[in-house]
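Participant: Quick one, structure for this:
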Amino acid sequence: MSRTLRDQVISAGGGIEYLPSLSLEAYLRHVEVEHPELHRLLDLDKARSEGVLLRLVSVTNEFDTDDTGRGDSYRRAQRDAFARWKGIRELLRLATRTTSAGEKTVLDVLGGDGTVARAAALRPGSRAERLSVITGDISGRMVACALDYGLPAVRQSADCLLLRDASVDATLLAYGTHHIAVEDRPEAVREAVRVLKPGGRLVLHDFDGRSPMARFFAEVVHKHSTTGHDYAHFSRDELAALLEPLPVRTRIVDMYDPLVIEADSPRKARSRVCDYIGDMYGIQGFFAGQLGPDVSWQFVQELFDHTAYFSDLGRPPLGHPVRPIVRKTDSRWTAEVPRMALVAVAEKVV
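Facilitator: As a prediction, the model looks like this:
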């Protein structure tokens, strides 16, 4: 990094601006008071390394603001923490042993503003409520928002985690794993395993490159979002190859991971799910400006039709809808957009 760029990332307080208007030391003081459990897990020497920090903050991230991509609109969508609850619940189930007693600590490596943590905490009586979820993300603005929600959160890159060795019971690499550059993926997976306790689990989630979701990213998000979406999705072979050199036992599964939105009428349910998709993927202009609500729903039904994909998998949809639907649930209406994810579950053996 040039001296000029280094000077630009130094905050007024005399330290590198780790979060918006907040130096690393100010962040550490806050976490020590508000989230002492997280503070104990941090590798403070690594966190204070100037090289690590400068590399971290020198990257312009598309999830900071809408000026840099789709940060503001993404956070707007995530105000509904339960739209992805079915998938989140299953990821957390896969990540933690059902037979183990006591609270488990989960690091959500690509946690954004804490959607997984908020969804788990807001489900009283569920098994997920008993998990302690640490939100990690490379975007300083995302981490600042997670802290504003009162969540333990840390700014770090997936291939350089700031937690100690063997410090957590589970790690999630989910909801954006394809954003990790192909050349950085081996190190990101090694880091996710490094911070696991023996017997802990890494759950790596993405969408198969042959799936309707990958088609949606390639044909719609890449074409109509501000920053495009030129990222390589995973295959079963790549997942297996990434994990094969590591001290883990691995299985790869297909996981139903729908978007589910409720409203008080069928039309509102269709409109709300289209708004959610538009915000989450930064294509509001395309949906609202070019298509309109009714055509947008028809477009979603076509794009997320899983008929051929389920056939390719050689297995039935197990009671899940094959295409987006709207159905009556009690006094409400629910729009459900099917998505099938590809998930590797790797258990650390040493």
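Participant: Would you mind writing the CA trace of stretch 280-291 as PDB?
Facilitator: Extracted in PDB, the C-alpha atoms of stretch 280-291 (Å, rounded to 0.1, in the frame of the first residue of the first chain):
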ATOM      1  CA  MET A 280     -31.300  -7.800  -1.400                       C
ATOM      2  CA  TYR A 281     -29.700  -8.100  -4.800                       C
ATOM      3  CA  GLY A 282     -29.600  -4.500  -5.800                       C
ATOM      4  CA  ILE A 283     -32.000  -4.700  -8.700                       C
ATOM      5  CA  GLN A 284     -34.800  -2.500  -7.500                       C
ATOM      6  CA  GLY A 285     -34.600  -0.300 -10.600                       C
ATOM      7  CA  PHE A 286     -35.100  -3.300 -12.900                       C
ATOM      8  CA  PHE A 287     -38.000  -4.800 -10.900                       C
ATOM      9  CA  ALA A 288     -39.800  -1.500 -10.100                       C
ATOM     10  CA  GLY A 289     -38.700   0.600 -13.100                       C
ATOM     11  CA  GLN A 290     -38.800  -1.800 -16.000                       C
ATOM     12  CA  LEU A 291     -41.100  -4.600 -15.000                       C
END
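Participant: So for it, mean pLDDT?
Facilitator: Taken as a whole, stretch 280-291 carries a mean pLDDT of 83.
Participant: what's the spacing between it and its chain's center?
Facilitator: Here the centre of stretch 280-291 is set off from its chain's centre by 21 Å, with Cα atoms, centre = their mean, to the nearest Å.
Participant: quick one: contacts of that stretch?
Facilitator: Residues from elsewhere that reach stretch 280-291, judged by Cβ atoms under 8 Å, 6 or more residues apart in numbering: 66, 69-70, 73-74, 77-78, 216-217, 220-221, 224-227, 229, 274-275, 277-278, 296, 299. Glycine gets a C-beta too; all of them are placed from N, C-alpha and C.
Participant: shaky segments in the stretch 201-350 of the chain?
Facilitator: 316-317 (pLDDT under 70).
Participant: Can you tell me what sits against stretch 318-335?
Facilitator: 256, 258-266, 268-270, 272-273, 297, 300-301, 304-307, 310, 336-338.
Participant: cool, stretch 218-237 as well?
Facilitator: Residues from elsewhere that reach stretch 218-237 (Cβ under 8 Å, 6+ apart): 62, 66, 68-70, 177-179, 182, 204, 206-209, 211, 214, 217, 252, 281-283, 285-286, 303, 342.
Participant: buried sites along it?
Facilitator: Going by neighbour count (16 or more other Cβ atoms under 10 Å), the buried part of stretch 218-237 is Val220, Val221, His224, Ser225, His229, Tyr231, His233, Phe234.
Participant: Packing partners of the strand ranked longest in the chain?
Facilitator: When the chain is parsed with DSSP state E, its longest strand is strand 196-206. Strand 196-206 sits against helix 85-95, strand 168-173, helix 185-194, helix 236-243, strand 340-348, with contacts defined as 3 or more Cβ pairs under 8 Å, 6 or more residues apart in numbering; DSSP states H and E.
Participant: how does it look with 7 Å?
Facilitator: Helices and strands touching strand 196-206, by 3 or more Cβ pairs under 7 Å, 6 or more residues apart in numbering; DSSP states H and E, are helix 85-95, strand 168-173, strand 340-348.
Participant: hang on, the earlier thing: so which of the contacts of stretch 218-237 belong to strands?
Facilitator: Those of the contacts of stretch 218-237 lying in strands (DSSP E): Leu204, Asp206, Ile252, Leu342.
Participant: Report the beta-bridge partner residues of the first one.
Facilitator: Using DSSP bridges, the beta-bridge partners of Leu204 come out as Leu173, Ala344.
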